[in-house]
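Student: Sequence and predicted model, in that order:
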Amino acid sequence: MKITNNSFLQACRREKADHIPVWFMRQAGRYQPEYREIRKKYTLLDICHNPEVCAQVTHLPVEQLGVDAAILFSDITLPFEAMNIAFDIVENKGPVIFEPIATPEDVSRLLSFDASASLAYVGESIKLICDRIDVPLIGFVGAPFTLASYLIEGGPSKNFSKSKGFMYNHSDAWHQMMNILALNMSAYLRYQVESGCSAVQIFDSWVGNLGREDYLEYVYPHMVTLFSAIADLKVPKIHFGVVTGHILDLMRDCGADVVGLDWRVQVDQSAKMLGPDTAVQGNLEPSAILAPWNVLKSKLDYLLERAPEKGFIFNLGHGIMPQTDGEVLRRITDYVHSYGRN
Ligand code: 1CP
C-alpha cells in the first residue's frame, strides 16, 4: 500500500505537517486483549519468526489507535541468534542470555552476520506489513551499549555493575565488542530499510546509566560508527534512551535526525538545547495514562504547549505499560491530532 499519511516523516524532517504525528513505544503489546490472545498460541519469538503473525501484530495498533506510524514487531535481542548467542525472552522478566559474555576471550564468540540471509524472515515481515499499511513503518535496533548490557549481565539489570566492570577492566575487549555490535546493527538497519522501512529508531534504552565522560569514551565512538554506516540511507534516524538529559547533545552529534526524549526532561528546554536542525520525539510520562482524564489532559496540554511547532513527534517518554487502557491511548491520539485546530 502507498503511504498516504506523511505527517510522521514530515515532522522527522522538520517540515510542517497538517497535524502533530503520534505513535507509542510498545504500541503492540500486553495492554491489548488481542495481543494477549495471540500470545497464548505463540511465544514472543514465535511471533517475530512468523511474518504473517508479525504483520498482524504490527498492524493492530495502527487500526485501533489511529497512530501515524507503525513499528515493526520485534525485539532488540532478535539479532543475537544470528550472532551465535543463545537466549530466550522469559515471561515477566525479559531477555535472558544462556552464556553471558564474562571474559575478554568470550567476545570472539560474537559473529558478524549477513542480515539478508540470517534475518530473512524480518525482511519478509516488513514487506507484508508495508503491503497493508498506509503509514510509514519504523524499523529498529538496540544500540551497542544496551545490547552489550544484556550480553554481559545475562538479563535485565538495575545497576549495570557487570557491564561497567567489564568496560573498565577490559577496555580493549569492550571496544571490540561494541564495534562488532555497531557494524552488525548498521547492516541490520540497512536490510530493514531495503525491505521497506521508512524510518529507523536506535534504542539505547539503558545508556543513561553512564556519566557523560564514560559515554564519550566507551559509547560515543561506536554510535558514530553505527550512524556513519547508515548515513547514506535517506530515511530519518531516531535516537532514544532513558534518563539521557545529560547526554542529549551527544546523542544528536552521533548523527541522529530525531532525538527521543524520556519523560524526565522538559520538551522546550531539550528542543532549544538540541537546536534548529534536530527534531524531537516524546515524552509523556507513561504512568500519566493511568490518571483520570482531567489530570492526563493537563499533562498533555503542558507538553503540547511547549512542543516545537515544527519537528515534533508525540510519543511517550518510554514504553506503554501493560495495565494501560487502549481506549485512553485512542483518546490521547485524537486529542493530539486535533490540538491547535480549534
Ligand atoms: O511477551 C511479551 O509480550 C513481553 C513484552 C515484550 C514486548 C511486547 C518484550 C520483552 N519485547 C517486546 C517487543 C518489543 N521490544 C518491541 C516491539 C513492540 C512495539 O514497540 O510495539 C520493541 C520496540 C522492543 C524493544 C526493546 N526490547 C527494548 C527497547 C525499548 C525499551 O523498552 O526501552 C528493550 C530494552 C527490550 C528488551 C526487552 N524485551 C522484553 C522486555 C520485557 C524487555 C526489557 C527488559 C529489561 O527491563 O531489561
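Tutor: Structure's in. What do you need? Numbering: from 1, shown residues only.

Student: Tyr188 - nearest residue in space that isn't next to it in sequence?
Tutor: With Cβ to Cβ, 6 or more residues apart in numbering as the criterion, Tyr188 has its nearest non-adjacent residue at 4.5 Å, and that residue is Ala115. Where C-beta positions appear, they are placed from N, C-alpha and C, glycine not excepted.

Student: For the residue nearest to the spatial centre of the chain, list each beta-bridge partner.
Tutor: With distances taken as Cα atoms, centre = their mean, Phe203 lies nearest the centre of the chain, 4.2 Å away. Counting by DSSP bridges, Phe203 forms beta bridges with Gly142, Phe240.

Student: wait, what's in contact with Glu15?
Tutor: Lys310 (Cβ atoms under 8 Å, 6 or more residues apart in numbering).

Student: go with 10 Å
Tutor: Asn6, Ser7, Leu9, Ala279, Lys310, Gly311 (Cβ atoms under 10 Å, 6 or more residues apart in numbering).

Student: cool, Thr103 as well?
Tutor: Counting by Cβ under 10 Å, 6+ apart, Thr103 has contacts Phe166, His170, Ala173.

Student: Helices - which of those land there?
Tutor: Phe166, Ala173 (DSSP state H).

Student: Which one of the contacts of Thr103 is nearest to Leu303?
Tutor: Distance to Leu303, by Cβ to Cβ, is smallest for Phe166 among the contacts of Thr103, at 37.8 Å.

Student: Can you say which helix or strand has the residue lying closest to that closest one once chain neighbours are set aside in it?
Tutor: Leaving aside its chain neighbours, Phe166 sits nearest to Ile152 (5.3 Å; criterion: Cβ to Cβ, 6+ apart). In the assignment (DSSP states H and E), Ile152 maps to helix 144-153.

Student: Three-state assignment for the residue in the stretch 201-342 of the chain positioned nearest to the ligand, please.
Tutor: Closest to the ligand within the stretch 201-342 of the chain is Ser205: 3.2 Å, counting by Cβ to the nearest ligand atom. Here Ser205 is recorded as coil under DSSP: H, G, I helix; E, B strand; the rest coil.

Student: Close to the ligand: what parts of this structure are there?
Tutor: 25-30, 39, 44, 71, 73-76, 89, 94-95, 140, 146, 156, 203, 205, 319 (Cβ under 6 Å from any ligand atom).

Student: among these, which are in helices?
Tutor: Per DSSP H, the residues of the chain next to the ligand map to helices at Arg39, Leu44, Thr146.

Student: list the contacts for the last one?
Tutor: So that's Thr146. 76-77, 163, 181, 202-207, 209, 219, 241-242.

Student: which sections of the stretch 201-342 of the chain are below the confidence cut-off?
Tutor: 341-342 (pLDDT under 70).

Student: which residues in it form strands?
Tutor: Using DSSP state E, counting those that start in this stretch, the strands found in the stretch 201-342 of the chain span residues 237-240, 258-260, 279-284, 312-316.

Student: what's the angle between the last one and strand 279-284?
Tutor: With axes from the mean of the first three to the mean of the last three Cα atoms, to 10 degrees as the criterion, the two stretches strand 312-316 and strand 279-284 enclose an angle of 30 degrees.

Student: starting at the chain centroid, how far to strand 312-316?
Tutor: 13 Å (Cα atoms, centre = their mean, to the nearest Å).

Student: One more: the longest one?
Tutor: Computed by Cα atoms, centre = their mean, the separation of strand 279-284 from the middle of its chain amounts to 12 Å.

Student: same for it, what does it pack against?
Tutor: helix 7-12, strand 237-240, strand 258-260, helix 267-274, helix 293-306, strand 312-316 (3 or more Cβ pairs under 10 Å, 6 or more residues apart in numbering; DSSP states H and E).
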